[in-house]
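>>> Predicted model and sequence follow; I will ask about them next.
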Amino acid sequence: MNPPNLAIPAFIFFLLCTIASAQSPAPAPAPPGPTNVTAVLEKAGRFTTFIRLLQNTKVADQINTQLNNSNQGMTIFAPTDSAFSSLKPGMLNSFTDEQKVELMQFHVLPSFFSTSQFQTASNPLRTQAGGSQGSFPMNVTATGNNLNITTGVTNATVGNTVYTDNQLAVYEVDRVLLPLSFFQSPAPAPAPSKPKKAAESALSPSDSDSSTPDDSSTANYLSKHGVGAMACAGLVFATFRRTL
């Protein structure tokens, strides 16, 4: 009796396993991690100072939170390290902590803008630092393929597109965008009120001591009681003198 041929059953088992594995769905790709603006800038390079300021002011946390909890998207104008180097010596350190926060927020638009959308955008644009009017104006104009930014203090040019994913757009700029409010003179203090003149602060005649006699009171007495009262007083004085 010949031994059973095991090759055929083994082949059939291998064939069935192959068919089963082909029919099973492939594993889904891992979901992408949350957007991190500093990671985007670090990968691009040449934004060391901007990254440091975003982190120190906590504006980077605000951006990441809004990106991952809102559908509005954001646009960031990122100055290069050479752009910060072109500032006047000591300017950055002269800003207060509050101004540094506003400076970083001024480089952020609270909505997504592609390069083509700037051609129809309504200026001035609203930034994270405040309203479009007043102390934080920003105008972005498109001339052909070039984008230019004016703030009332800075004229900058948008360079390369660092990153875009239809939610976050990061554009390189060749100047630090300085808000107009940082360089506006404060409103002058109101002038102090003038002191009252001595004549105006003196007592009025009605406030003076009425018990002090004067010539006018003597004249009033005579006009009321007449000369007879004076004669009577003289007679009394003469009688008193004879009795002495």
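That came through, no problem.
>>> where do the helices sit along this protein?
Here the chain has its helices, by DSSP state H, at 7-23, 37-44, 48-56, 59-69, 81-85, 91-94, 97-106, 198-201, 215-242.
>>> partner strands of the lengthiest strand in the chain, parallel or antiparallel?
In terms of residue count, the longest strand belonging to the chain (DSSP state E) is strand 155-164. Strands adjacent to strand 155-164 in the sheet, as given by DSSP bridges, are strand 146-150 (antiparallel), strand 168-173 (antiparallel).
>>> which stretch among the ones you listed comes nearest residue 121?
strand 146-150 (10.2 Å; Cβ to Cβ). Backbone N, C-alpha and C define where each C-beta goes, glycine included.
>>> Count the residues that sit near the nearest residue to residue 137 once chain neighbours are set aside.
Take residue 137 and drop its neighbours on the chain: the residue closest to it by Cβ to Cβ, 6 or more residues apart in numbering is residue 124, 4.3 Å away. Using other Cβ atoms under 10 Å, residue 124 is surrounded by 18 other residues.
>>> From residue 72, how far off is residue 124?
Residue 124 sits 19 Å away from residue 72, taking Cβ to Cβ, to the nearest Å as the criterion.
>>> Any regions of the chain where pLDDT drops low?
1-33, 131-134, 185-244 (pLDDT under 70).
>>> For residue 117, see how far away the residue nearest to residue 87 when sequence neighbours are not counted is.
The spatially closest residue to residue 87, leaving aside those adjacent along the chain, is residue 176, at 5.9 Å (Cβ to Cβ, 6+ apart). Distance, residue 176 to residue 117, using Cβ to Cβ: 24 Å.
>>> Looking at those two, which has the bigger crowd around it?
More neighbours surround residue 176 than the other of residue 176 and residue 117, with 25 against 14 (other Cβ under 10 Å).
>>> OK, contacts around that one?
79, 83, 84, 86, 87, 103, 154 (Cβ atoms under 8 Å, 6 or more residues apart in numbering).
>>> got it, and residue 142?
115, 118, 119.
>>> Just give me the closest of the residues you listed to residue 108.
Residue 108 lies nearest to residue 118 out of the contacts of residue 142, by Cβ to Cβ, at 15.2 Å.
>>> from memory that closest one sits against residue 145, does it?
No - Residue 118 lies out of contact with residue 145 (Cβ atoms under 8 Å); the separation is 11.1 Å.
>>> So which of the strands paired with strand 155-164 is the most surrounded?
strand 168-173 (a mean of 21; mean count of other Cβ atoms under 10 Å).
>>> what's the distance between the nearest residue to residue 73 once chain neighbours are set aside and residue 177?
Of all residues not flanking residue 73 in the chain, residue 112 sits nearest, at 2.9 Å (Cβ to Cβ, 6+ apart). Per Cβ to Cβ, residue 112 is found 18 Å from residue 177.
>>> Compare these two and say which is more crowded by neighbours.
residue 177 (21 against 18).
>>> That concludes my questions; thank you for your assistance.
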